[in-house]
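1. Need the 3D shape of this:
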Amino acid sequence: MALTAPKRKRKRRSKKKKLQSRLKRYAIAAGLAVVALFAFSVLWAGVYRVAPPPGTLVMAARGLGGDKVNKQWVRLEDISPHLVTAVIAAEDTRFCLHNGIDFEAIDKALAESKNGGRLRGASTISQQTAKNAFFWNGGGWVRKGGEAWMTVLIETLWPKRRIMEVYLNVAEWGDGIFGAEAAAQSRFGKSAKDLNAYEAALLASVLPSPDKWRVDPPGPYVRKRSGTVRARMNVVRRDGLDACVTKH
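-> Numbers count the residues shown, from 1 in each chain. Just a heads-up that it's a prediction; the model follows:
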């Protein structure tokens, strides 16, 4: 039996209301998920502001892959100032000047690429800390978006000294070695607080690719790069580019 025009209209209105109700429920659920994710990220970053991260996803991946994970947490006061300066010189000379994401460095890298140069990374120490402490290696927009958000968050909640302290304790130096103390003990047989400028420059030189470049013994490229890092260390000290970490 065919529906009359009024009944067809009522049926269409009923379907429309059901669809609107469903979309409203989805929107509410999505909104609650965003609020929960925001609250969790703030709590997570807040905990790491005062407590050492018990481990990272990268460490877990190394362990599941069969590698022996060697990590030791130490306070920033127990890490050689030479290593702090060397890492700033090698990784992010504007660490004390930017707010986590260095747009000036990004613009410079893009300009160099447009002029025929190789597109280099412009990741800051803050971004690397966010990635190492909260995420995993590899690309993907999900990780990169989360990394950007956590970078902003830790720059808001943590002082620069804490960012450096966490970075130096979760960075990987190859062979499942995480943190400055484990790296110093494994590579030089001494504590991180006793590293000299030469040793610090060597460690900082391999950070971009710790599984590819070696400290013991350093190859020609690492030796050359460490010499460049030592020269930059002098500039960093001269211009006070490490003041937000070394002066307190």
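2. CA atoms for contacts and neighbours, from now on please.
-> Will do.
3. D92 contacts Q128, correct?
-> No - judged on C-alpha atoms under 8 Å, D92 makes no contact with Q128 at a distance of 10.3 Å.
4. can you tell me the average pLDDT over stretch 19-35?
-> Averaged over stretch 19-35, pLDDT sits at 88.
5. do stretch 71-79 as well
-> 97.
6. do the same with stretch 180-197
-> Averaging pLDDT residue by residue across stretch 180-197 gives 97.
7. What of stretch 47-56?
-> Averaged across stretch 47-56, pLDDT comes to 96.
8. Equivalent analysis for stretch 201-219, please.
-> Stretch 201-219 shows an average pLDDT of 91 in the prediction.
9. Do me a favour and get the end-to-end distance for that stretch?
-> Taking C-alpha to C-alpha, to the nearest Å, the first and last residues of stretch 201-219 lie 14 Å apart.
10. gap between it and the chain center?
-> Put simply, stretch 201-219 sits 19 Å off its chain's centre (C-alpha atoms, centre = their mean, to the nearest Å).
11. Just want the most central residue of the chain.
-> In the chain, the residue lying closest to the centroid (C-alpha atoms, centre = their mean) is Q128, at 2.2 Å.
12. ok, A182 - how many residues close by?
-> Counted with other C-alpha atoms under 10 Å, the neighbours of A182 add up to 25.
13. which residues sit in contact with it?
-> Contacts for A182 (C-alpha atoms under 8 Å, 6 or more residues apart in numbering) come out as N70, K71, Q72, A192.
14. And those, which two are furthest apart?
-> For the contacts of A182, the farthest-apart pair by C-alpha to C-alpha is N70 and A192; their separation is 14.3 Å.
15. what about those two, which has more around it?
-> Higher neighbour count among N70 and A192: A192, with 25 against 17, using other C-alpha under 10 Å.
16. how's the chain carved up into domains?
-> Each domain of the chain is listed here as a residue range: 10-51, 56-246, per automatic domain parsing.
17. most packed of the ones you listed?
-> domain 56-246 (a mean of 18; mean count of other C-alpha atoms under 10 Å).
18. can you give me the helices for the protein?
-> For the chain, the helices defined by DSSP state H occupy 5-50, 57-64, 81-91, 103-114, 125-134, 141-157, 160-170, 180-188, 197-206, 220-238, 243-246.
19. now what about the shortest one, what contacts it?
-> Helix 243-246 has contacts (C-alpha under 8 Å, 6+ apart) with P81, V84, C96, K160, R161, M164.
20. Could you pull up the residues touching the third one?
-> C96 makes contacts with K160, L241, D242, A243, C244, V245, as judged by C-alpha under 8 Å, 6+ apart.
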